[in-house]
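1. Return a 3D structure for these sequence lines:
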Amino acid sequence: MIPRLKSLERVTLALTDLLMLVGAFVLGYAARRELPLFAAPVDPPTLEFYTPILVIQTVTLLLIFFFARLYHQRRAASRIDVSYAVAASVSVGVVMTNGLTTILLKGTGVGADYPRQMILYVWLFSVLAVIVGRELHHQVWAWLRHRGLARDRALIVGSGDVAQSILQHIRSNPQLGYRIEGVINGKPGDEVGGVPVIGQAKDLPALIDQRQVDEVIIALPEASRQELVQLVALCQRGKVSIKIYPDLFSYMAGSMSVDDLGGMPLLNVRDVALRGWKLSLKRALDLVGAAFGLVVLSPFLLALAVWIRLQSPGPVFFCQERMGLDGRPFPMIKFRSMRTDAEKDGPGWTTEGDPRVTPIGRWMRKTNIDELPNLINVLLGHMSLVGPRPEQTHFVRQFREKIPRYMERHREKAGMTGWAQVNGLRGDTSIEERIKFDLWYVEHWSFWLDIKIILRTAFQTLTGRNQNAY
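-> Numbering: from 1, shown residues only. Below you'll find the model as predicted:
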């Protein structure tokens, strides 16, 4: 992307925030007059009286947004993360504004009074307005990138499975705004995922200059530390951005901490985030969520059960032994989405267009509806709302022999949904990649992360964006 376009994107985002904040303040003023929460204001001042407070609050919030790096957004930032960051920043900014107006305006007779009702309304409208404004801004720039404008020229270093996966992801998400110039480190004349190999590692400096590359993505997870250092050194030209696809150790070390052994420092890379009171908090979320879901959805579940029974002979539910916490098996309950003789030749992965899937089963699997009876497993304590998806014991025996650290995903309860699933790793996809996401979840658990995964799952289900669901 041309540097001026990057600056323009940030400037337009700041202007969008400015307009939303001013609009929110005006709405807060009007709401205090028309919809008072407490006693109705008597002879309230005009809007012009609050202009100094508006200026102080707007400047304060824009500065907080800047220092919170809200103008340095990731290319594919989560809407949930952005909303959380905006709400937190606005909350801090409104409190700071209240203090600053007291310090700067008290005794001046100019806009010193900032009513409590108005503070509450302005805070609420500011959060909502900024989130909506940023989403509209994001959609406009995504539309521009989708049509080939404001794109970054990128080189992919690597020609293996990881490089092909990255290329496929970029190709299927044009809104990310990449234009792949070529692949480095393959055989000259070959293609990787439909993209030509244009050179070797030693050619990186010249290619970056010739093609005015904005970003280099190094997709060599098995490269040694020395090789990565050399590649990074070759890419350090101008303002080119460098991204490295991490190996499994990087996922392990993500929550690295320093421990002590009688005065000798040791790095702890296998800590488990979910311990003590956090277990009780997660269990409380599971109980409330499962009970609420079963009660609210019971009419829908009953109608669906009748539909399944009428369309396909056989039981409504399908129980299958899966492996959960500490490697203990449990019977997982699902709506039956396949013919009753689906596993007469043994267990196997469900693939796209699988003839064993019934017509209603195809719709249920696409929308995750077949997994709603898992709420019963959650209520009984077999599963959690969020966690690594449980596998059949038949496959677990295979995977634990071939994949390092596979069984460590069983340090937590299996989940109805998980970090791997909301990132498209479900069904007939790479087990190795799925394990990386599962282990990252186990070692980085937080209550907010569970809420985020639940919201993303609901959004993907309602919008039909479940990847690899069939």
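2. Run through the stretch 251-400 of the chain and note the low-pLDDT ranges.
-> For the stretch 251-400 of the chain, the stretches flagged by pLDDT under 70 are 251-275, 341-353.
3. can you pull out the strands in it?
-> Applying DSSP state E, counting those that start in this stretch to the stretch 251-400 of the chain gives strands spanning 257-261, 264-268, 317-323, 329-335, 383-386.
4. Spell out the secondary structure type for Ala142.
-> When classified by DSSP: H, G, I helix; E, B strand; the rest coil, Ala142 comes out as helix.
5. mind checking how far the closest residue to Pro359 other than its chain neighbours is from Met364?
-> With CB to CB, 6 or more residues apart in numbering as the criterion, Pro359 has its nearest non-adjacent residue at 6.8 Å, and that residue is Gln311. All C-beta atoms are positioned from the backbone trio N, CA, C, and that covers glycine. Going from Gln311 to Met364 by CB to CB, to the nearest Å gives 11 Å.
6. just Val90 next, same as before
-> As judged by CB to CB, Val90 and Met364 stand 40 Å apart.
7. ok, now Leu375?
-> Leu375 is 15 Å from Met364, where distance means CB to CB.
8. still on that earlier bit, settle it for me: which of Gln311 and Met364 has more neighbours?
-> Under the criterion of other CB atoms under 10 Å, the comparison of Gln311 against Met364 puts Met364 first, with 23 against 11.
9. my guess is that one meets Met338, correct?
-> No. Applying CB atoms under 8 Å, one finds Met364 not in contact with Met338, separated by 10.3 Å.
10. quick one: contacts for Tyr178?
-> Taking CB atoms under 8 Å, 6 or more residues apart in numbering, we find Tyr178 in contact with 151-152, 154, 170, 215.
11. among those, which are in helices?
-> Ile170 (DSSP state H).
12. Just send the contacts of Tyr178 back as a markdown table, with pLDDT too.
-> Shown next, in a markdown table, are the contacts of Tyr178 (pLDDT from 0 to 100):
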| residue | pLDDT |
| --- | --- |
| Arg151 | 77 |
| Asp152 | 81 |
| Ala154 | 86 |
| Ile170 | 82 |
| Glu215 | 85 |
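13. Among the contacts of Tyr178, which one has the most neighbours?
-> Ala154 (24 neighbours).
14. separation between that one and Arg179?
-> For Ala154, the distance to Arg179 - CB to CB - is 7 Å.
15. Quick check: closest non-adjacent residue to Pro44.
-> In space, Pro44 is closest to Arg33, 5.9 Å off (CB to CB, 6+ apart).
16. buried set for the helix or strand where the one you found lies?
-> Per DSSP states H and E: Arg33 is located in helix 3-34. Buried residues in helix 3-34, counted by 16 or more other CB atoms under 10 Å: 5, 9, 13-14, 16-17, 20-22, 24-25, 27-29, 31-32.
17. With stretch 298-306 instead?
-> Neighbour counts over stretch 298-306 (16+ other CB under 10 Å) mark 301, 304-305 as buried.
18. Stretch 436-456 now?
-> Here stretch 436-456 shows 436-443, 445, 450, 452-454, 456 as buried, counting by 16+ other CB under 10 Å.
19. can you put the residues you listed in JSON lines and add secondary structure, pLDDT and distance to Leu234?
-> Below are these laid out as JSON lines (DSSP: H, G, I helix; E, B strand; the rest coil; pLDDT from 0 to 100; distance: CB to CB, whole Å):
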{"residue": "Lys436", "secondary structure": "helix", "pLDDT": "82", "distance to Leu234": "27"}
{"residue": "Phe437", "secondary structure": "helix", "pLDDT": "86", "distance to Leu234": "30"}
{"residue": "Asp438", "secondary structure": "helix", "pLDDT": "86", "distance to Leu234": "34"}
{"residue": "Leu439", "secondary structure": "helix", "pLDDT": "83", "distance to Leu234": "31"}
{"residue": "Trp440", "secondary structure": "helix", "pLDDT": "83", "distance to Leu234": "29"}
{"residue": "Tyr441", "secondary structure": "helix", "pLDDT": "86", "distance to Leu234": "34"}
{"residue": "Val442", "secondary structure": "helix", "pLDDT": "83", "distance to Leu234": "36"}
{"residue": "Glu443", "secondary structure": "helix", "pLDDT": "78", "distance to Leu234": "32"}
{"residue": "Trp445", "secondary structure": "coil", "pLDDT": "85", "distance to Leu234": "38"}
{"residue": "Asp450", "secondary structure": "helix", "pLDDT": "92", "distance to Leu234": "41"}
{"residue": "Lys452", "secondary structure": "helix", "pLDDT": "90", "distance to Leu234": "37"}
{"residue": "Ile453", "secondary structure": "helix", "pLDDT": "92", "distance to Leu234": "38"}
{"residue": "Ile454", "secondary structure": "helix", "pLDDT": "92", "distance to Leu234": "43"}
{"residue": "Arg456", "secondary structure": "helix", "pLDDT": "89", "distance to Leu234": "37"}
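20. Identify the farthest-apart pair in those.
-> Spatial extent of the buried residues of stretch 436-456 (CB to CB) is set by the pair Lys436 and Ile454 at 21.2 Å.
21. Quick one: end-to-end length of stretch 208-215, please.
-> With CA to CA, to the nearest Å as the measure, stretch 208-215 spans 9 Å from end to end.
22. residues making contact with that stretch?
-> Defining contact as CB under 8 Å, 6+ apart, one finds that stretch 208-215 is touched by 1, 152-155, 178, 181-182, 207, 216, 235, 237-243.
23. hang on, the earlier thing: reformat the contacts of Tyr178 as a markdown table; add distance to Trp143.
-> Shown next, in a markdown table, are the contacts of Tyr178 (distance: CB to CB, whole Å):
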| residue | distance to Trp143 |
| --- | --- |
| Arg151 | 13 |
| Asp152 | 16 |
| Ala154 | 20 |
| Ile170 | 17 |
| Glu215 | 21 |
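24. what distance separates stretch 311-326 from the centre of its chain?
-> On the basis of CA atoms, centre = their mean, to the nearest Å, stretch 311-326 sits 29 Å off its chain's mean C-alpha point.
25. what does it contact?
-> Contact with stretch 311-326 is made by 305, 308-309, 329-340, 358-361, 373, 382-383, 390-393, 396, 410-414, as judged by CB under 8 Å, 6+ apart.
26. just stretch 361-375 next, same as before
-> 290, 293-294, 297, 301, 304, 312, 317, 332-338, 350, 357, 383, 416-417, 457, 461, 464, 466, 469-470.
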